[in-house]
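Asks: how would this look folded up:
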Amino acid sequence: MFKLKTCPFCGGEARGWCRSATMNQADEIDYNGYVSCTRCPAKVRSTYQHVTGAEAIADAARNWNSRTVAPKAVHLDPEA
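Replies: Take a look at the predicted model:
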């Protein structure tokens, strides 16, 4: 299993889920994985469609956990 970081926007708890997307050429169902925040609308998707839901969620979890940190705001007014 994987550990999800908290939401970068609100600090909320994240959850992973998947849904079937399409039938591939081998007549298998491909899945899209998602990780979303439980408090705000933040959400990421798996990079690729996967044959199993677990692979799709793991891919989305890697995307969620590897996000970059926004730089701190810099005041242009030296007296601020």
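Asks: Okay, the residue nearest the centre of the chain and residue 23: tell me how far apart.
Replies: Geometric centre of the chain, nearest residue: residue 44, 3.1 Å, by C-alpha atoms, centre = their mean. Going from residue 44 to residue 23 by C-beta to C-beta, to the nearest Å gives 24 Å. From N, CA and C alone the C-beta is placed, and that goes for glycine too.
Asks: what's residue 61 in contact with, if anything?
Replies: With contacts defined as C-beta atoms under 8 Å, 6 or more residues apart in numbering, the neighbours of residue 61 are 2, 4, 16, 33, 35.
Asks: ugh, typo on my part, it should be residue 17
Replies: By C-beta under 8 Å, 6+ apart, the contact set of residue 17 is 33, 34, 35, 36, 57.
Asks: what about it, is that helix, strand or coil?
Replies: When classified by DSSP: H, G, I helix; E, B strand; the rest coil, residue 17 comes out as strand.
Asks: can you check the one 10 residues further on too?
Replies: Three-state call for residue 27 (three-state DSSP): coil.
Asks: burial count for it?
Replies: Residue 27: 6 surrounding residues under other C-beta atoms under 10 Å.
Asks: any idea how far residue 45 is from residue 51?
Replies: Applying C-beta to C-beta, the value for residue 51 to residue 45 is 16 Å.
Asks: more crowded one of these two?
Replies: A count of neighbours by other C-beta under 10 Å puts residue 45 above the other of residue 51 and residue 45, at 17 against 13.
Asks: Tell me if I'm right that the more buried one and residue 57 touch.
Replies: No: Residue 45 lies out of contact with residue 57 (C-beta atoms under 8 Å); the separation is 10.8 Å.
Asks: what sits in contact with each of those two?
Replies: Taking C-beta under 8 Å, 6+ apart as the criterion, residue 45 and residue 57 both touch 33, 34.
Asks: Quick check: buried residues in stretch 5-16?
Replies: Going by neighbour count (16 or more other C-beta atoms under 10 Å), the buried part of stretch 5-16 is 7, 14, 16.
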